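This is the structure alone, sequence omitted:
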């Protein structure tokens, strides 16, 4: 069984290391794609081991051994909620209430053989994961990719997807499901409002 969270939603993965952050967001339970992968320590450990191994292959770095405790599990869920807030903040049209919390995580700056400096995560457990995730978020912002990582506009879904539309206008992770559901709901609401308006007009005709 694959424990890749994004794969179960059938969404396109974000490029390179940003896919790790997307996968964390997609561990949350949604309408029809399975349970919360962070609900238990065993499930969270399986997800984390596979996700970090995939990230390490992409980053050409050795995969660390990260073992979760019960405290780490709570921290992992908080980390997911924090990044949900960060991703949603990009799409807001009004100022958020207060500043987002600081990351407060260490990274190592390591030059390679050619003199290029790269950020390498440090720490243990969820501290290492937080270090990797914040580094990937910063790299994605510098590359102009960050605004394309979105949560589905359907609040009952909230699947994280990478928007590949030309003008970055996507709001649904799947137009045929969440998009059609929202359009049908809006159509019914318009029909209801028109019906109420018509009933209010009839007595005066």
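Noted; the coordinates are in hand. Just so it is clear, the structure is predicted and the values come from calculations on it, not from any experiment.

got the contact list for residue 25?
Applying CB atoms under 8 Å, 6 or more residues apart in numbering to residue 25 gives the contacts 5, 80, 83-84, 87, 151, 160. Heads up, the C-betas are built off the backbone N, CA and C, glycines and all.

And it, how far from residue 119?
21 Å (CB to CB, to the nearest Å).

Kindly report the same for residue 76.
To residue 119, residue 76 is 21 Å away according to CB to CB.

The two - which one has more neighbours?
Between residue 76 and residue 119, residue 76 has the larger neighbour count (other CB atoms under 10 Å), namely 23 against 18.

Can you give me the neighbour number for the nearest residue to that one once chain neighbours are set aside?
Residue nearest to residue 76 in three dimensions, not counting chain neighbours: residue 126, with 5.3 Å by CB to CB, 6 or more residues apart in numbering. Number of residues near residue 126 (other CB under 10 Å) recorded here: 24.

ditto for residue 92
8.

And the pLDDT at residue 175?
With respect to pLDDT, residue 175 scores 68.

Kindly apply the preceding question to residue 96 instead.
With respect to pLDDT, residue 96 scores 55.

circling back: go through the contacts of residue 25 and name the one nearest residue 137.
Using CB to CB, residue 83 comes nearest to residue 137 of the contacts of residue 25, at 7.6 Å.

List the contacts of that closest one.
If you count contacts by CB under 8 Å, 6+ apart, residue 83 has them with 21, 24-25, 133, 137.

And these, which is closest to residue 62?
Comparing those against residue 62 with CB to CB places residue 133 closest, at 18.1 Å.

now the strands for the chain?
Ranges of strands in the chain, per DSSP state E, are 107-111, 117-121, 149-151, 160-162.

can you put these in CSV and add distance to residue 36?
CSV is the format used below for these (distance: least, CB to CB, whole Å):
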stretch, distance to residue 36
strand 107-111, 28
strand 117-121, 24
strand 149-151, 15
strand 160-162, 14
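
Distance-wise, check residue 132 relative to residue 105.
Remark: distance between residue 132 and residue 105 (CB to CB) = 9 Å.

Pick out whichever of these two has more residues nearby.
Using other CB under 10 Å as the criterion, residue 132 and residue 105 rank with residue 132 on top: 27 against 19.

what's the burial count for the residue nearest to that one when sequence neighbours are not counted?
Ranked by CB to CB, 6+ apart and with sequence neighbours excluded, the top spatial neighbour of residue 132 is residue 121, at 3.9 Å. Neighbours of residue 121 under the rule other CB under 10 Å: 25.

Do I have it right that residue 121 meets residue 136?
No: Residue 121 is beyond contact range of residue 136, at 9.2 Å (criterion: CB atoms under 8 Å).

got the contact list for residue 147?
Per CB under 8 Å, 6+ apart, neighbours of residue 147: 90, 168.

And the nearest residue to residue 27 once chain neighbours are set aside, how close does it get to residue 4?
The shortest distance from residue 27 to any non-neighbouring residue, by CB to CB, 6+ apart, is to residue 37 (4.0 Å). Remark: distance between residue 37 and residue 4 (CB to CB) = 10 Å.
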